[in-house]
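Colleague: Provided below are the primary sequence and the corresponding predicted coordinates.
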Amino acid sequence: MSLLTEHRSGTVDLGPAAALSCRECGQRYPLSPIFACSECFGPLEIAYDLPAGDPEALRSRIESGPNSIWRYAPLLPVPADVAGKPNLNPGGTPLVRADRLAAELGVTGELHVKDDSGNPTHSFKDRVVACAVEAARAFGFTTLSCSSTGNLAGAVGAAAARAGLRSCVFIPHDLEHAKVTAAAVYGGELVGIEGSYDDVNRFCSELIGDPAGEGWGFVNVNLRPYYAEGSKTLAYEICEQLGWRLPDQLVVPIASGSQLTKIDKALRELITLGLVEDKPYKIFGAQAEGCSPVSQAFKNGHDVIRPVRPATIAKSLAIGNPADGPYVLDIARRTGGAVEDVTDEQIVDAIKLLARTEGIFAETAGGVTVGVTRKLLADGVLDPSLTTVVLNTGEGLKTLDAVSPTTGPTAVIRPDLAAFLDAGLA
Ligand SMILES: *Cc1c(COP(=O)(O)O)cnc(C)c1O
Ligand SMILES: [Zn+2]
């Protein structure tokens, strides 16, 4: 159909994106809705014609752009006029200097929390979906879809509503109540699958190969190369917010591992483009113990990830067979980082620690990164004297069940002063 003729004739305008390239064998393909190399089955990623020349000029072009991910449009697979199209304009979230958390954790250097809970649907997924929407438009898809651990379903529902596309998204049937509601409210179709996220993902792959899935853009399957690039904006923002400086250490959550690999890609791009000084940085991956296939492989010195059946409160990270796991291992090892995991109890403690010290209420994924940061500091793996950035990728109100059993009113009293004094609260 028109999809193929269009890209073959080279009319797909996705800005600086020049082609797809195989991460394993380097084989190049024209920009199209494919995600695996037909030579070696390796994952495809975007190859760019990045802006050459004066870093100063590029820096001021970025700085004069909108306060959203679109200020980085020259580095993304999106058309130049992207900011003018109906979209949710994600990004521009705060980098919080976390001095009180640093004091609790014994950090003497700079500690920052990149707080992505303030995105339009309250997780970092708005960044990736916004890029996928541009690809969906370019390839003529009319239905936006995904397999989701919760946040992605909401991000796709909202982005489709804003863009005027149909959406039909798939989730494991037993997700957090708030995530189901926050996905369904946008009016698209939401399908609960009786199984784990990995079952949902397998189901979606089947649907893509079937005529029933014709015209469907699955943001994290057939649009995955375009979608994944959206995660780069987290790293661009962090460096710009640090005054065009690389952090020394980053602590990043791992679900499929896509975000972590693209953060590394973005940091290398910034160095290549001359936008930051070339210096070493270390990337640390964070998982929940109840779904820690990458952490287990890292600790055991394996190159292969052994899939697990997830059992953790960190449902947004509960991918038992993470597609980008091997690349995460490579990056952690190459940069001198590590991959670590924490228990559900440590996740809850970390959510409360971050809330109490910095006024940030993170979802369970943020409890994972803060908990892992604490553990890596205690083990002497993270250097407390350096500049460290910890990611909070989602909003605590979506995972209330994690903290509600151990959090509540200090007291419930009659509305009079005597009762207040009796309760010992003065
Ligand atoms: C999806 C998600 C991630 C990371 O996902 P990757 O698949 O590793 O890119 C992190 N945090 C939250 C809250 C998420 O929803
Ligand atoms: Zn290949």
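Modeller: Sure thing, it's come through. Residues are numbered from 1 along each chain as shown. Ligands and ions are numbered 1, 2, ... in the order given.
Colleague: Excluding chain neighbours, give the residue nearest to residue 99 in space.
Modeller: Nearest residue to residue 99, sequence neighbours excluded (Cβ to Cβ, 6 or more residues apart in numbering): residue 111, at 7.3 Å. Where you see a C-beta, it was placed from the backbone N, CA and C, and this is true even at glycine.
Colleague: ok, now which ones touch that neighbour?
Modeller: Neighbour list for residue 111: 97-99, 101-102, 105, 388, 390 [criterion: Cβ atoms under 8 Å, 6 or more residues apart in numbering].
Colleague: what pLDDT, on average, does the strand or helix carrying residue 158 get?
Modeller: Residue 158 is located in helix 151-163, with elements delineated by DSSP states H and E. Across helix 151-163, the average pLDDT comes to 98.
Colleague: What segments of the stretch 201-350 of the chain are helices?
Modeller: Listed in chain order, the helices of the stretch 201-350 of the chain (DSSP state H, counting those that start in this stretch) span 224-229, 232-241, 258-272, 293-300, 325-335, 344-358.
Colleague: domain assignment for the chain?
Modeller: As assigned by automatic domain parsing, the chain contains the domains 2-49+125-227, 95-122+231-406.
Colleague: mean pLDDT for those: which is lowest?
Modeller: domain 2-49+125-227 (a mean of 93).
Colleague: mind checking how far that domain is from the chain centre?
Modeller: In terms of Cα atoms, centre = their mean, to the nearest Å, the centre of domain 2-49+125-227 is set 15 Å apart from its chain centre.
Colleague: quick one, what contacts the residue nearest to residue 77 when sequence neighbours are not counted?
Modeller: Spatial nearest neighbour of residue 77, excluding adjacent residues (Cβ to Cβ, 6+ apart): residue 17 at 3.6 Å. Counting by Cβ under 8 Å, 6+ apart, residue 17 touches 31, 46-48, 76-77, 226.
Colleague: Out of the contacts of residue 111, who's the most crowded?
Modeller: The most crowded member of the contacts of residue 111, judged by other Cβ atoms under 10 Å, is residue 390 (31 neighbours).
Colleague: which SS class is that residue?
Modeller: Under DSSP: H, G, I helix; E, B strand; the rest coil, residue 390 falls in the strand class.
Colleague: That one and residue 115 touch, don't they?
Modeller: No: counting by Cβ atoms under 8 Å, residue 390 sits too far from residue 115 to count as a contact (9.6 Å).
Colleague: count of residues packed around residue 62?
Modeller: Residue 62 has 17 nearby residues by other Cβ under 10 Å.
Colleague: what sits against it?
Modeller: Neighbour list for residue 62: 71-72, 74, 236, 240 [criterion: Cβ under 8 Å, 6+ apart].
Colleague: now these in a markdown table, with neighbour count?
Modeller: Converted to a markdown table, those look like this (neighbours: other Cβ atoms under 10 Å):
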| residue | neighbour count |
| --- | --- |
| 71 | 21 |
| 72 | 22 |
| 74 | 18 |
| 236 | 23 |
| 240 | 19 |
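Colleague: Pull the most distant pair out of the residues you listed.
Modeller: Maximum pairwise distance in those, criterion Cβ to Cβ, is 13.4 Å, between 74 and 240.
Colleague: any idea which of the helices of the stretch 201-350 of the chain is most buried?
Modeller: helix 224-229 (a mean of 28; mean count of other Cβ atoms under 10 Å).
Colleague: Which strands or helices does that helix pack on?
Modeller: In terms of contacts (3 or more Cβ pairs under 8 Å, 6 or more residues apart in numbering; DSSP states H and E), helix 224-229 is packed against strand 44-48, helix 125-139, helix 258-272.
Colleague: How about the residues of the stretch 1-150 of the chain by ligand 2?
Modeller: Within reach of ligand 2 by Cβ under 5 Å from the ion, the stretch 1-150 of the chain has these residues: 22, 24-25, 27, 37, 39-40, 42.
Colleague: Just the buried residues from those residues, in ChimeraX please.
Modeller: In ChimeraX syntax, the buried subset of these is picked out as below (16 or more other Cβ atoms under 10 Å):
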select :22,37
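Colleague: quick one: which of the residues of the stretch 1-150 of the chain next to ligand 2 sit in helices?
Modeller: Nothing among these maps onto helices, per DSSP state H.
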